[in-house]
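Chemist: got a predicted structure plus its sequence, pasted below:
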Amino acid sequence: MRLVLIGPPGAGKGTQAKRLSQSFSVPHLSTGDLLREAVSKKTPLGKKAEPYISKGELVPDNIVLDIVEEKIRGSESGFILDGFPRNIEQARELDLCLERDGRKLDAVINIDIKEDTVVERLKNRLVCPKCGAILSVKDVSSTWICPRCKAKLKKRADDTEETIKNRIKVYMDYTLPLLDYYRKKGILIDIIGEGSPDEVFDRIVKSL
């Protein structure tokens, strides 16, 4: 199975990708996580990506493509891509990468969600640095302790209101055109992103 999840920041792509990965035993490849890890470890790649990530801007294609191609070629069972591609050029490069191995995408899941919901979710989002759990301030105690592994929860550096609004604008300008690109290929599946993670997951599974 080779899937791509598309949607604005805060649509729940990471949450759904992880659940799909567990259900179908297919690796979840999150370019955002890979890039943030590189930034935190101050690798050469991370130093190049950090100025873009901190402002909510797209990381240049050449940086992201190197990571993605390496991961895809090492995944024989398929993959669930979360956070890539983010523009038409990246989509074309992904197609070429797969074609070289005689493969193609099975489906592209578009998680459609309202902008007000996105802003509300991201302003209240907390992430566990130990187990990777994604939670809301509303769902945890004032101590911000992860209910799964008891680590201290943190807010992502790019979850400020100013950066969130810029990320939404970037999505509208660069990523939204991907919907027509994949719709013309006949592999786009639109999913309503409102509601609980369980409800959205059920919609995705039924569509597949």
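Modeler: Yes, it's here. Residues are numbered from 1 along each chain as shown.
Chemist: contacts, neighbours, all on C-alpha from now
Modeler: Will do.
Chemist: now do the SS call for Pro9.
Modeler: Using DSSP: H, G, I helix; E, B strand; the rest coil, the structure places Pro9 in coil.
Chemist: Ile168 is in contact with that one, correct?
Modeler: Yes - with contact defined as C-alpha atoms under 8 Å, Pro9 and Ile168 form a contacting pair (6.7 Å).
Chemist: more crowded one of those two?
Modeler: Per other C-alpha atoms under 10 Å, whichever of Pro9 and Ile168 has more neighbours is Pro9, with 22 against 19.
Chemist: for that one, what are its contacts?
Modeler: Val118, Leu122, Ile164, Arg167, Ile168, Tyr171 (C-alpha atoms under 8 Å, 6 or more residues apart in numbering).
Chemist: okay, the host helix or strand of the fifth one in CSV with CA atoms only?
Modeler: If I follow you right, that is Ile168. Assigned by DSSP states H and E, Ile168 belongs to helix 161-170. Taking Å, rounded to 0.1, in the frame of the first residue of the first chain, the C-alpha atoms of helix 161-170 are listed here in CSV:
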residue,chain,number,x,y,z
GLU,A,161,-0.8,32.0,16.2
GLU,A,162,1.3,34.1,13.7
THR,A,163,3.1,31.1,12.4
ILE,A,164,-0.1,29.0,12.2
LYS,A,165,-1.7,31.7,10.0
ASN,A,166,1.3,31.8,7.8
ARG,A,167,1.3,28.0,7.5
ILE,A,168,-2.3,28.0,6.4
LYS,A,169,-1.5,30.7,3.8
VAL,A,170,1.4,28.6,2.5
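Chemist: got the buried residues for that helix?
Modeler: Neighbour-count burial for helix 161-170, counted by 16 or more other C-alpha atoms under 10 Å, picks out Thr163, Ile164, Lys165, Arg167, Ile168, Val170.
Chemist: could these go into a markdown table alongside distance to Asn62 and pLDDT?
Modeler: Below are those laid out as a markdown table (distance: C-alpha to C-alpha, whole Å; pLDDT from 0 to 100):
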| residue | distance to Asn62 | pLDDT |
| --- | --- | --- |
| Thr163 | 23 | 86 |
| Ile164 | 24 | 85 |
| Lys165 | 25 | 85 |
| Arg167 | 20 | 86 |
| Ile168 | 22 | 87 |
| Val170 | 18 | 85 |
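Chemist: can I get those residues in TSV including distance to Pro60?
Modeler: TSV is the format used below for those (distance: C-alpha to C-alpha, whole Å):
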residue	distance to Pro60
Thr163	18
Ile164	19
Lys165	20
Arg167	15
Ile168	17
Val170	13
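Chemist: what stretches of this structure score poorly on pLDDT?
Modeler: 74 (pLDDT under 70).
Chemist: need the strands for it, in chain order.
Modeler: For the chain, applying DSSP state E gives strands covering 2-6, 28-30, 79-82, 107-112, 125-127, 134-136, 188-192.
Chemist: now do the second one: which elements does it pack against?
Modeler: For strand 28-30, the packing partners by 3 or more C-alpha pairs under 8 Å, 6 or more residues apart in numbering; DSSP states H and E come out as helix 13-24, strand 79-82.
Chemist: quick one: contacts of that strand?
Modeler: Gly14, Ala17, Lys18, Ser21, Lys71, Phe79, Ile80, Leu81, Asp82, Gly83, Phe84.
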